[in-house]
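K.L.:
Dropping the sequence and predicted coords here.
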Amino acid sequence: MVNLLLCGNKRVFDGVLTLLLSMTNRTRETIRCYIMTMDLQRVRSDFVCITDEQTAFLNRVVQGRNPGNTVQKIDVTLKYEQEFRGCANETAYCTPYTLLRLLADLYPELPDKLLYLDVDIMIAGDIRQLWDIDISGYEYAAVKEKYGCWLIRPDYFNAGMLLLNMAKIRETGLLVKARERIRAKKMLFADQSAIFYSTTKKKLLPRIYNEQSKFNKKDTVVCHFCKRLMFRPYPHTENYKQWQVEEIHKYLHCHAFDEDLEEYLELKRQFEENGI
């Protein structure tokens, strides 16, 4: 069984649906998916929990592939407010929802091994290849950040994929220390840097487990549609997500997930028209 952790609000529905389709279309392993969510309308009016209707729909979709698959919503609003309300990193480079993974150790129902993924990720191979990696002596495994490993430190990682050893993390207090850093100091890459500088021992994995720029490589397992820095024809950034189907075809020239995305568009139409 693969224990998957995702985080976000109502607006991550497209990302979660596309990610789960790509994963369940390529593995027979049972997937137990937890979605951490919260209501934070005091910060922004559209910061609301992923809905029960969205969660139920996602659950039906994954169970259509394997009856043992599940999608479970965890409302972490109270814990977030206790830990991070009003902190400097609440308005970090991304939304406050990037901080939710730092609360994972506070929920005993979460299992001792978790695969955390950002929702702008697609799975290009059997996820068991990543899940079965031994991390027993580490707090987590991750892949180097494409730019950060040059600009910050050689071992700086991208937190979009974290294979978490929750038993070890609870033992070392990694996330306790990370939350303290979040409260104490504003950081550009808040959640990522808080984990990095609180780490006791991590395992670095090859790029195939968090590919951040080349989206059509045959050996890739985890494909991350994160923001990219481009230098031609002039320095700029690109930030196209997998559910922006026309854009990833036109600008990223990515067709590796066409069947998944066709299925996504049809399922999204069904959900919007019928709520089924």
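P.N.:
Yep, it's here.
K.L.:
residues near Glu53, how many?
P.N.:
13 (other Cβ atoms under 10 Å). C-beta here means a position set from N, CA and C on the backbone, and glycine is covered the same way.
K.L.:
Name the SS class of it, please.
P.N.:
helix (DSSP: H, G, I helix; E, B strand; the rest coil).
K.L.:
Would you map the helices across this protein?
P.N.:
In the chain, the helices defined using DSSP state H lie at 13-24, 52-63, 77-84, 128-131, 148-151, 166-172, 174-184, 190-196, 245-250, 258-274.
K.L.:
In a markdown table, list those along with mean pLDDT.
P.N.:
Converted to a markdown table, the helices of the chain look like this (pLDDT from 0 to 100):
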| stretch | mean pLDDT |
| --- | --- |
| helix 13-24 | 98 |
| helix 52-63 | 97 |
| helix 77-84 | 97 |
| helix 128-131 | 98 |
| helix 148-151 | 62 |
| helix 166-172 | 98 |
| helix 174-184 | 96 |
| helix 190-196 | 91 |
| helix 245-250 | 94 |
| helix 258-274 | 95 |
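K.L.:
would you turn those helices into CSV with distance to Gly137?
P.N.:
Listed next are the helices of the chain as CSV, based on distance: least, Cβ to Cβ, whole Å:
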stretch, distance to Gly137
helix 13-24, 27
helix 52-63, 32
helix 77-84, 28
helix 128-131, 17
helix 148-151, 22
helix 166-172, 8
helix 174-184, 14
helix 190-196, 18
helix 245-250, 38
helix 258-274, 35
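K.L.:
Any idea which of those helices gets closest to Phe215?
P.N.:
For the helices of the chain, proximity to Phe215 was assessed by Cβ to Cβ; helix 245-250 is nearest, at 7.5 Å.
K.L.:
for the closest one, packing partners?
P.N.:
Judged by 3 or more Cβ pairs under 8 Å, 6 or more residues apart in numbering; DSSP states H and E, helix 245-250 is in contact with no other helix or strand.
K.L.:
Run through who's touching that helix.
P.N.:
The contact list for helix 245-250 (Cβ atoms under 8 Å, 6 or more residues apart in numbering) reads 215, 225, 240-242, 254-255, 261, 265.
K.L.:
confidence score at the most centrally placed residue in the chain?
P.N.:
Nearest residue to the geometric centre of the chain (Cα atoms, centre = their mean): Asp118, 1.6 Å. On pLDDT, Asp118 comes in at 97.
K.L.:
Ok, which of the helices of the chain comes nearest Met122?
P.N.:
Comparison of those against Met122 by Cβ to Cβ identifies helix 13-24 as nearest, at 4.3 Å.
K.L.:
Figure out which of the helices of the chain is closest to Tyr93.
P.N.:
Nearest of the helices of the chain to Tyr93, taken as Cβ to Cβ: helix 190-196 at 7.3 Å.
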